[in-house]
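Chemist: just to be clear, the model below is a prediction. Sequence and coordinates:
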Amino acid sequence: MKQPIGIFDSGLGGLTVMKEIHARHPEYDYLYLGDSARSPYGPKDFETVYQYTLEAVTWLFEQGCPLVILACNTASAKALRTIQQRNLPAMDPTKRVLGVIRPTTEVIGDYTTTRHVGILGTKGTVDSGSYAIELAKAFPDVHVHQLACPAWVPLVESGDYLDLEKADPLIRECLINLLELSDDIDTILLACTHYPLLMPRIRAMLPPDINVVSQGDIVAESLSAYLLRHPDMEERISRDASLTFCTTGDPEAFGHAAGIFWGNEVKAVGVALK
Ligand code: DGL
C-alpha cells in the first residue's frame with residue numbers, strides 16, 4: 001500500500017503549499033484532499049472546523065498517509081492542537097499532523113525592517129489570534145496588524161479571480177484597509193493558502209518596497225528540515241512520484257481549477273467524508 005504525504009485544505013488553497021513541497025521532493029507520493037463541498041472554512045465556528053478537519057485527517061490516515069500537512073491556516077488555527085493532543089494518540093501515535101502557522105511565524109520576522117507586519121487571513125484565522133500569539137513568542141518586537149478578507153476564498157474557489165473586473169476591486173479594498181492600519185507595514189503575509197493565487201494582482205497593486213510573503217516556500221522548507229530530523233518518518237513515505245487529487249466537491253470543476261494553477265492537466269477524484 002502506498003504511504004503518501006497527505007495534504008489537506010478546505011479547497012484549492014493547499015495546492016499553493018503542495019506545489020512547493022513537490023518541487024523540493026518530486027520523488028514522494030502525494031495525496032491531496034480539498035473539502036470543496038464545505039468550503040469556505042473561514043466563517044465557520046471552532047467546533048465545525050475541528051470536526052471537518054478531523055474527518056479529513058481520519059480519511060487521509062485511512063488511505064495510508066503516515067504524515068498529513070494541514071495546508072490551511074484556518075484548520076491549523078482551530079483544529080491542529082486538539083487533533084495532535086486529543087485525537088492522534090488514540091488514532092495512531094506513530095503518525096503525524098503538521099500545520100502551517102508555526103513554521104511561518106518562526107521566520108516572518110526575518111522579512112521586516114520596520115518590524116510592522118500586515119497579516120491577511122480568513123475571519124477564523126484572524127479571530128483565533130494564533131498569529132499574534134505565535135509571533136509574540138518568536139519575534140516579540142514585531143507589531144502585528146491583521147485583517148480578514150472574507151471575499152477572497154470564494155473569489156478563488158469560484159474561479160472569478162481570473163476575471164480582473166470582478167477580482168481587482170475586492171483585492172484592492174482589502175489591501176487599502178490593511179495599509180490604513182499602519183503606515184509602517186513593510187511586509188504583508190498572505191496567511192491563507194488560497195491567497196497566493198491572487199499574488200500577481202496583489203503584487204501589481206502594491207508599491208515595490210512592500211514585501212508580500214506567501215507560505216508555500218516557508219512550509220516546504222520547514223517540512224524538508226522536519227524530514228531530515230525525523231528519518232524514521234521520511235523512510236515511511238512511499239516514492240512512486242505519484243500525485244492524487246481528491247475533492248469532496250465536483251471533481252471535474254476541481255480538476256479544471258487545479259489544472260490552471262498546477263500548469264498540467266489535473267484529474268480529480270470525488271470522495272465523501274463522514
Ligand atoms: N486556505 C484556507 C486557509 O489557509 C482557507 C480557509 C477557508 O476555506 O476559508 O485558511
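Modeler: Thanks, I have the structure now.
Chemist: distance check, the residue of the chain most remote from its centre against residue 210.
Modeler: Largest separation from the mean C-alpha position in the chain: residue 183, at 27.6 Å (Cα atoms, centre = their mean). According to Cβ to Cβ, to the nearest Å, residue 183 stands 12 Å off from residue 210. C-beta here means a position set from N, CA and C on the backbone, and glycine is covered the same way.
Chemist: where do the contact lists of these two overlap?
Modeler: Both residue 183 and residue 210 lack any common contact, where contact means Cβ atoms under 8 Å, 6 or more residues apart in numbering.
Chemist: what residues does the stretch 151-274 of the chain have near the ligand?
Modeler: Residues of the stretch 151-274 of the chain found near the ligand (Cβ under 6 Å from any ligand atom) are 153, 192-194.
Chemist: what about those, which are in helices?
Modeler: Per DSSP state H, helices hold the following members of those: residue 153.
Chemist: and the two most separated of the residues of the stretch 151-274 of the chain next to the ligand?
Modeler: Using Cβ to Cβ, those reach their maximum pairwise distance at 153 and 193, which is 9.6 Å.
Chemist: who has more neighbours, those two?
Modeler: Using other Cβ atoms under 10 Å as the criterion, residue 153 and residue 193 rank with residue 193 on top: 33 against 26.
Chemist: helix, strand or coil for the closest residue to residue 107 other than its chain neighbours?
Modeler: Among residues not flanking residue 107 along the chain, residue 218 sits closest, at 5.8 Å (Cβ to Cβ, 6 or more residues apart in numbering). For residue 218, the assignment made with DSSP: H, G, I helix; E, B strand; the rest coil gives helix.
Chemist: what about residue 218, how many residues nearby?
Modeler: With neighbours defined by other Cβ under 10 Å, the count for residue 218 comes to 21.
Chemist: for residue 57, what are its contacts?
Modeler: Residue 57 neighbours (Cβ under 8 Å, 6+ apart): 6, 8, 68, 70, 83, 87, 91, 97.
Chemist: just checking, the first one touches residue 60?
Modeler: Yes. Because the distance of 3.5 Å satisfies Cβ atoms under 8 Å, residue 6 is recorded as touching residue 60.
Chemist: higher neighbour count, these two?
Modeler: Counted by other Cβ under 10 Å, residue 6 and residue 60 do not tie: residue 6 has more neighbours, with 28 against 25.
Chemist: this protein: helices as residue ranges?
Modeler: Going by DSSP H, the chain shows helices at 15-24, 46-62, 73-78, 80-82, 88-91, 101-105, 123-128, 130-138, 152-158, 164-179, 199-205, 216-229, 231-236, 251-262.
Chemist: can you lay out these as CSV showing mean pLDDT and distance to residue 114?
Modeler: CSV is the format used below for the helices of the chain (pLDDT from 0 to 100; distance: least, Cβ to Cβ, whole Å):
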stretch, mean pLDDT, distance to residue 114
helix 15-24, 98, 26
helix 46-62, 98, 33
helix 73-78, 98, 23
helix 80-82, 98, 30
helix 88-91, 97, 39
helix 101-105, 98, 18
helix 123-128, 98, 21
helix 130-138, 97, 15
helix 152-158, 97, 25
helix 164-179, 98, 13
helix 199-205, 98, 19
helix 216-229, 98, 20
helix 231-236, 98, 38
helix 251-262, 96, 32
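Chemist: hmm, back to that, could you check how far the residue farthest from the centre of the chain is from residue 84?
Modeler: 39 Å.
Chemist: what do you get for residue 34?
Modeler: To residue 84, residue 34 is 22 Å away according to Cβ to Cβ.
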